[in-house]
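**Q** only geometry, no sequence info:
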C-alpha cells in the first residue's frame, strides 16, 4: 500500500500538528504550520507508520529524535511552537489518558 501524505486545514487536527493513520497508511499534517515545522512533522508521522513500539511515550520520543536528526530547524521550531498554552494542555491531556 502506498503512503498518502495530506495537508489539511488546522481545524481537522487542532491541537495536534499531525497524525498518522496506520490502517490507511496515511499521514495528515496541518497546512497552517511554517514550512520547517511541516517537514519535521511529516518525518515524525511517517516514522509512526512503521514503528511497532507499544509504549506511546517511547514512540513519540523515537519519532521526534528520528525526525529531529533529519530536520533540526524544524524540530527546534516545533518545540518553540509547542510551548503555547493550548499545546501544553494537549500534552497534559494525552499523558493523563495514556495515549
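**A** Yep, that arrived. In this text the structure is predicted, and so the values were computed from the model without any measurement.

**Q** Number of residues surrounding residue 43?
**A** Neighbourhood size, residue 43 [other CB atoms under 10 Å]: 21. C-beta coordinates here come from the backbone N, C-alpha and C atoms, glycine included.

**Q** typed the wrong thing, it's residue 38
**A** 21.

**Q** Also residue 23?
**A** For residue 23, using other CB under 10 Å, the count is 6.

**Q** repeat for residue 64
**A** 17.

**Q** Name the residues that touch stretch 71-78?
**A** Stretch 71-78 has contacts (CB atoms under 8 Å, 6 or more residues apart in numbering) with 17, 34, 36-41, 43, 64, 67-68.

**Q** Quick one, which of those residues are buried?
**A** Buried subset of the contacts of stretch 71-78 (neighbour count, 16 or more other CB atoms under 10 Å): 17, 36-41, 43, 64, 67-68.

**Q** nearest to residue 87, of the residues you listed?
**A** residue 17 (8.5 Å; CB to CB).

**Q** unless I'm mixing things up, that closest one is touching residue 33, no?
**A** Yes: using CB atoms under 8 Å, residue 17 makes contact with residue 33 at a distance of 6.1 Å.

**Q** which residues does residue 59 contact?
**A** If you count contacts by CB under 8 Å, 6+ apart, then residue 59 has 48, 51, 53 around it.

**Q** hang on, I meant residue 81
**A** Here residue 81 is in contact with 17, 33-34, 37, 87 (CB under 8 Å, 6+ apart).

**Q** tell me the phi and psi of it?
**A** Residue 81 adopts backbone torsions of phi -70, psi -30, taken as degrees, to the nearest 10.

**Q** now it: how far from residue 65?
**A** As for residue 81, its distance to residue 65 is 18 Å (criterion: CB to CB, to the nearest Å).
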